[in-house]
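Asks: give me the fold of what follows.
(chains A, B, C and D)
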2 protein chains.
Amino acid sequence: MQVAPPDFDRMFGALADATRRDIVRRAIDAEEGVAELAEHYPMSFAAVQKHVAILERAGLVTKVRIGRRKVVRTNLEGLRVARRLLDQYEEVWRGRLGRMAQLVGEDRKEPPR
Amino acid sequence: MQVAPPDFDRMFGALADATRRDIVRRAIDAEEGVAELAEHYPMSFAAVQKHVAILERAGLVTKVRIGRRKVVRTNLEGLRVARRLLDQYEEVWRGRLGRMAQLVGEDRKEPPR
DNA sequence: GAGACATACAACCGTATGGTTGTATCGAGA
DNA sequence: TCTCGATACAACCATACGGTTGTATGTCTC
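Replies: This is a model prediction of the structure:
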């Protein structure tokens, strides 16, 4: 079996909603089922269920059966995948600085006296 | 003037599109105007312009006039704001681990012999 | 000032998204 | 096995989104 490649569209799309971000935060404690989560928000159970499903497809949460409930648990590794992409941009940025220094010339590193 | 509070919906929403993420990456070098950017993608100039506008409203890029063009430059600080939110989740996670250890009891830190 | 290049913006179209209600499935307990 | 609590899923609706084309605004260059 293959590990699915990260789907950044889905990941960032899932994070682009305040309700879903709040679910992610709450589900770090991995204590609540879908119905319990739903009580925190001014919308129907079905709507929250959809949000959880979107987070699940994005790899940001998982559900584990406990008794007759399914407890939602955030998948830290998923969050890290997203974070890593942002880190990459930062690295490209530093690379740019390096290239600029080269273009300008080494001598700029130590100012002329 | 006030600094606008970060709008995570817009930020993550802007990042949830491969074309826009590519623009962010390209614009780190801050060399291309909108028209030049548009040449990289299989869509109209106007479509790319819209993508840039979305990134701009999300605070992820800025445009600076250079001659008759407007050069797109990615705003690293915007990316950092997004990254920081993901870091916060990580911190909450660590906090949870701390609380769990407390619940279980200190003695678990050093296993009985 | 005229012409050309670069950007901006409005109107429109198909599809995706976020919400609703209603119905079906599944697991636990009497 | 019957029932209840929890989850799942389908159908539907309004609005947002990603793309198009067409027109308007700026700004260099001659």
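Asks: mind checking how far A:Arg84 is from B:Arg83?
Replies: 10 Å (CB to CB, to the nearest Å). For the C-beta atoms, the positions are set from N, CA and C on the backbone; glycine is no exception.
Asks: so for these two, which sits in the more crowded spot?
Replies: Between A:Arg84 and B:Arg83, B:Arg83 has the larger neighbour count (other CB atoms under 10 Å in any protein chain shown), namely 18 against 12.
Asks: for the helix or strand of chain A with the lowest mean pLDDT, which positions count as buried?
Replies: Lowest by mean pLDDT, DSSP states H and E among the helices and strands of chain A is helix A:76-104, with a mean of 84. Applying a neighbour-count criterion of 16 or more other CB atoms under 10 Å in any protein chain shown, one finds A:Leu76, A:Gly78, A:Leu79, A:Val81, A:Ala82, A:Arg83, A:Leu85, A:Leu86, A:Tyr89, A:Val92, A:Trp93 buried in helix A:76-104.
Asks: and it with helix B:76-104, angle?
Replies: 150 degrees (axes from the mean of the first three to the mean of the last three CA atoms, to 10 degrees).
Asks: what is the mean pLDDT for stretch A:18-33?
Replies: What stretch A:18-33 shows for mean pLDDT is 95.
Asks: report the central residue of chain A.
Replies: A:Leu79 (3.5 Å; CA atoms, centre = their mean).
Asks: any idea how far that one lies from chain B?
Replies: Distance of A:Leu79 to chain B, given as CB to the nearest CB, to the nearest Å: 5 Å.
Asks: my guess is that residue meets B:Leu86, correct?
Replies: Yes: A:Leu79 lies in contact with B:Leu86 (CB atoms under 8 Å); the separation is 5.4 Å.
Asks: close to chain B: what parts of chain A are there?
Replies: Counting by CB under 8 Å from any CB of the partner chain, the positions of chain A adjacent to chain B are A:8-13, A:15-18, A:21, A:24-25, A:28-29, A:74, A:76, A:79-80, A:82-83, A:85-87, A:89-90, A:92-93, A:96.
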